[in-house]
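# here is my input; please provide its structure:
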Amino acid sequence: MTDAPQTDALVIGAGPAGLMAAEALAAAGRRVLVVDAKPSPARKFLMAGKSGLNITHAGDDFTAAYPESWLAPMLAEFGPEQVQDWCRGLGQEVFTGSSGRVFPVAMKASPLLRAWLARLAGAGVELRTQWRWTGFEAGGFAFDTPEGRAVLRPAVTVLALGGASWARLGSDAAWVPMLAARGVQITPFQPANMGFCVDWSPHMTRFFGQPVKGAALCVDDVRERGEFVVSSKGLEGGGIYAVSRAVRQGADLRLDLLPDLTVEAVAQRLARARRGDTVAARLRKLGLSPVACALVQEWGRPLPDNLAPLLKALPVQITGPRPMDEAISVAGGIARDALTDGLELRALPHVFACGEMLDWEAPTGGYLLTACLATGLWAGRAAAAAR
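Take a look at the predicted model:
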């Protein structure tokens, strides 16, 4: 067994939540060690920022995006304005897009992460990679490390081990049985912000990879305008993710393919078609894209004589959500009742948890990352104050 470094504050997991907890602990004067199972820190953070790091959201009523009201105090402490100030403090200017989404001017996660890691190192935070937590042993936390087996017995610990999606980047939920065995209540994980499976007929093959634009996705009384993609597996993309929670819970999904027109207006336009026009020709004359026309043929048969109501409420025929490891995020995790107001585990005194380990859910658009940062800060401050 290798000699373990001495520390009084341990953070397990070097994603955004864990690094924010480490920063809060160091600011309070704690000697902090951060360990991570992967060869480098914040891999999911870097991957999420590969196509443009959406760091937060500047829209009105930010907390309304979170079904879990218990997050409100944490988001009030570290919400969109504080996230933007934090970015600027790391030398990364930000801008707000037309949708309210906030991005660093550099658009990438890597410059922000490099500056953050440098600041943490300057504050005395030590980072060790390829340290995989394997459970509790001899009154401490046991790890497999490149140097061999290690057991740490810190005064306080913050767990920031991620959820159950993107296992290749570190969020593999391997911690669930370890905490459950210690009496920590865990809500089963479910995919969130995910696509859905569709059993396509052969005629849809040539449309795979094509986006559907300009449609509204309708679930109960909710209408979301957003683009999505027809893939060989089903439906993917931001429009689908926006309604994924309700659909996962059993709500029916319908497409309004002409959201700027009333049913009557659509009917009037259809009535102008020439007598010999095929259904496909009539649909194209309405301005529908080839892939949208194909969806009508796929899900609308037998086609009614009056197509207008169908085009305004086309039933989407899915068979279930895509697998959890393909999801952007998850619902489920450590139950709220298993935590104190300071995010300390009731079953494990002086052990705190934050980030996607916790049972909360949020849409894409900066909400996920902001809540990870906010819960990390909250848990880190509470752990720093623990005696």
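# look up which helix or strand P39 falls in, please.
Of the helices and strands defined by DSSP states H and E, none includes P39.
# need the pLDDT of it.
We have a pLDDT of 96 for P39.
# dump the residue contacts of it.
Shown in contact with P39 (C-beta atoms under 8 Å, 6 or more residues apart in numbering): T129, Q130. Placement of C-beta: from N, CA and C, glycine included.
# quick check: phi and psi on it?
Phi and psi for P39, reported as degrees, to the nearest 10, are phi -70, psi -20.
# excluding chain neighbours, what is closest to N193?
Leaving aside its sequence neighbours, N193 sits nearest to I328 (C-beta to C-beta, 6 or more residues apart in numbering; 3.8 Å).
# OK, contacts around that neighbour?
S165, A192, N193, M194, Y241, T364, L368.
# of all these, which comes closest to L314?
Among these, Y241 lies closest to L314 (C-beta to C-beta), at 19.1 Å.
# surely that closest one is in contact with F196?
No - applying C-beta atoms under 8 Å as the test, Y241 and F196 come out as separate, 10.1 Å apart.
# verify the stated contact: E356 with S171.
Yes - applying C-beta under 8 Å, one finds E356 in contact with S171, separated by 6.7 Å.
# give the residues shared as contacts by those two.
Common neighbours of E356 and S171, using C-beta under 8 Å, 6+ apart, are G162, G163.
# looking at the two, which is more packed in?
Applying other C-beta atoms under 10 Å to E356 and S171 shows that E356 carries more neighbours, namely 33 against 24.
# so that one sits in a strand?
No - with DSSP: H, G, I helix; E, B strand; the rest coil as the criterion, E356 is assigned helix and is not in a strand.
# buried members of the contacts of I328 into ChimeraX, please.
Buried residues among the contacts of I328 (16 or more other C-beta atoms under 10 Å), as a ChimeraX selection:
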select :165,192,193,194,241,364,368
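# which among the contacts of I328 gets closest to T56?
Closest approach to T56 among those (C-beta to C-beta): L368, at 9.9 Å.
# check contacts around that closest one.
When the contact criterion is C-beta under 8 Å, 6+ apart, the partners of L368 are N193, I328, S329, E356, A362.
# out of those, list just those in strands.
The members of these that map onto strands under DSSP state E are S329.
# from the contacts of L368, which two are the most distant?
Taking C-beta to C-beta as the measure, the contacts of L368 span a maximum distance of 11.5 Å, between N193 and E356.
# closest to E227 out of the contacts of I328?
E227 lies nearest to Y241 out of those, by C-beta to C-beta, at 10.7 Å.
# spit out the contact partners of that closest one.
Going by C-beta under 8 Å, 6+ apart, Y241 touches N193, M194, G195, I328, P363, T364.
# shouldn't P211 be within a strand?
Yes - according to three-state DSSP, P211 belongs to a strand.
# for beta bridges, what are the partners of it?
Beta-bridge pairing of P211 under DSSP bridges involves V229.
# wait, it touches L235, no?
No - here P211 does not reach L235: they are 10.8 Å apart, not a contact under C-beta under 8 Å.
# tell me how far the residue nearest to S232 when sequence neighbours are not counted lies from S40.
What sits nearest to S232 in space, not counting adjacent residues and going by C-beta to C-beta, 6+ apart, is F208, at 4.8 Å. To S40, F208 is 34 Å away according to C-beta to C-beta, to the nearest Å.
# before we move on, what about A308?
For A308, the distance to S40 equals 55 Å [C-beta to C-beta].
# looking at those two, which is more packed in?
A308 (21 against 13).
# now do the more buried one against M74, distance only.
Taken as C-beta to C-beta, the span from A308 to M74 is 47 Å.
# what does T134 give?
Distance, T134 to M74, by C-beta to C-beta: 30 Å.
# which residues sit in contact with the most centrally placed residue in the chain?
Centrality entry for the chain: nearest residue to the mean C-alpha point is S329, 3.5 Å, by C-alpha atoms, centre = their mean. Contacts for S329 (C-beta under 8 Å, 6+ apart) come out as G163, S165, A192, N193, E356, E361, A362, T364, L368.
# so in terms of bridging, what pairs with it?
A192.
# next: the one 5 residues further on.
Here I334 shows beta-bridge partners I186, L358, assigned using DSSP bridges.
# mind checking pLDDT for it?
You'll see I334 listed with a pLDDT of 98.
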